[in-house]
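# sequence first, then the predicted structure, then my questions.
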Amino acid sequence: MSLEVRKKLKARKPTFMVQDSHKHKKIRQRWRKPRGSDSKIRQGFRGYHRAVEHGWKSPRDVRGFHPLGLAIVMVHTIKDIDSIDTKKQGACIASAVGTKKKLQMIELLQKKKITILNFKDANAYVTDVQKKIEEKKSKKKVSQKIKEEKKTKKIIKEEKKDNLSKTITEEEKKQQEKKEKDKILTKAQ
């Protein structure tokens, strides 16, 4: 009942604008109380923006409730899920929670049949995240294969260089042996 009252009140509630926000672009943010001595908004004159007053508040028994009629409970850890009442409360997973923990929390919340308030379709979110994880893994495998191929190419190049250097050193040894033989032969003559 009071949710319906709150809905009607919110429909009539104006968007509270800062004084002279239509004149200056940087003022168009959120409400600031008008404090000027001649301020027509502060004085409540007709034809000017409405001021924020506590008469615009929603009824006390549904204040801060979700439109579904559930009290919002912020969930930061998996232990927080145990204290949620499924009929009166709904879970809102904190934004600071990582994706792996979010997936675990969503599974646990769905098992306990607790409504998740900050996801329109939790199953669609789970499938999207799983696809992204699989894509990441496949990219990682491809990059590892490329790295391995580069390593094998490097090793092959080094082996070729080593073989060339070995052949060069063998040829140099043969040439030195020839020179020594020639010296010995020339001395003998």
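That came through fine.

# drop to CA atoms for contacts and neighbour counts, all remaining ones
Will do.

# low pLDDT regions in this structure?
Within the chain, the segments meeting pLDDT under 70 span 1, 188-189.

# quick one: the helices in it, in order.
For the chain, helices defined by DSSP state H occupy the ranges 2-12, 40-43, 99-111, 122-188.

# among those, which is nearest Pro34?
Nearest to Pro34, of all the helices of the chain, is helix 40-43, at 5.6 Å by Cα to Cα.

# may I see the buried residues of that closest one?
Going by neighbour count (16 or more other Cα atoms under 10 Å), the buried part of helix 40-43 is 40-42.

# just send these back as JSON lines, with distance to His66 too.
Listed next are these as JSON lines, based on distance: Cα to Cα, whole Å:
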{"residue": "Lys40", "distance to His66": "35"}
{"residue": "Ile41", "distance to His66": "31"}
{"residue": "Arg42", "distance to His66": "32"}
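
# so which of the helices of the chain comes closest to Trp31?
Evaluated over these, closeness to Trp31 peaks at helix 40-43, with 12.0 Å, by Cα to Cα.

# how far off centre is that closest one?
Centroid separation between helix 40-43 and its chain, computed with Cα atoms, centre = their mean, to the nearest Å, is 44 Å.

# same check, this time on stretch 42-60
Centroid displacement of stretch 42-60 relative to its chain, using Cα atoms, centre = their mean, is 39 Å.

# again with stretch 84-94
Distance of stretch 84-94 from its chain centroid, counting by Cα atoms, centre = their mean, is 23 Å.

# put the alpha carbons of it into PDB.
Coordinates of each C-alpha in stretch 84-94 appear next as PDB, following Å, rounded to 0.1, in the frame of the first residue of the first chain:
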ATOM      1  CA  ILE A  84      19.200 -12.200   4.100                       C
ATOM      2  CA  ASP A  85      15.500 -12.900   4.600                       C
ATOM      3  CA  THR A  86      14.100 -14.000   1.200                       C
ATOM      4  CA  LYS A  87      10.600 -12.600   1.700                       C
ATOM      5  CA  LYS A  88      11.500  -9.100   3.000                       C
ATOM      6  CA  GLN A  89      15.000  -8.400   1.600                       C
ATOM      7  CA  GLY A  90      16.800  -8.400  -1.700                       C
ATOM      8  CA  ALA A  91      20.500  -8.600  -2.400                       C
ATOM      9  CA  CYS A  92      22.500  -5.900  -4.100                       C
ATOM     10  CA  ILE A  93      26.000  -7.100  -4.900                       C
ATOM     11  CA  ALA A  94      28.700  -4.400  -4.300                       C
END
